[in-house]
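> Pasting the sequence and the predicted coordinates here, then a few questions.
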Amino acid sequence: MAAIALLPALFAGPAGAQATGQPSTAKGDWPMYFADPSGSRYSPQDQINASNFNQLQQAWHFKTDNLGGRPEFKLEGTPLEINGTLYTTGGSRRDVIALNAKTGELKWVYGMDEGIRAAVAPRQLSGRDVSYWTDGNGDDRVL
């Protein structure tokens, strides 16, 4: 339970942050696992469509080799994107990372030394990713 108590403090918006309201797919965000509370897995954004899909190119990649004691090759998470930041887990220690969604630049990383708990865990490596919560008034948290 002690580890759970630490998680809400993982990310808090900067002091004096302006109210941004609730993130939504209509604004270009992907704030939860299935996109929205109804689980639609749909984004109304129209930058990618049938006429330009075959022209897509990789914009950037982020290597997680240095997150944990060994490289991980089986990432299975669903990253979240909120206000231009991509939040995800990575590495064999399940570190939480924040990346600039446009450039892939690392903004921050949070890792816990879970000791024996991690060593004997039935599900090791990166896990299934993160969750996001906001009150819509600048108190934003990644769990």
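Here it is on my side, so go on. Residues are numbered from 1 along each chain as shown.
> start to end distance for stretch 38-49?
Stretch 38-49 has an end-to-end distance of 23 Å (CA to CA, to the nearest Å).
> L106 reaches F62, doesn't it?
Yes - under the contact definition of CB atoms under 8 Å, L106 touches F62, with a separation of 7.3 Å. C-beta coordinates here come from the backbone N, C-alpha and C atoms, glycine included.
> Can you tell me the SS state at the residue nearest in space to the middle of the chain?
The centroid of the chain falls nearest to Y87 when counting by CA atoms, centre = their mean (1.9 Å). Assigned with DSSP: H, G, I helix; E, B strand; the rest coil, Y87 falls in the strand class.
> pLDDT value on it, please?
Per-residue pLDDT puts Y87 at 94.
> Next: the one 5 residues further on.
For S92, the model assigns a pLDDT of 76.
> ok, now how distant is the residue nearest to it when sequence neighbours are not counted from D29?
Nearest residue to S92, sequence neighbours excluded (CB to CB, 6 or more residues apart in numbering): G68, at 3.2 Å. Separation of G68 from D29 (CB to CB, to the nearest Å): 28 Å.
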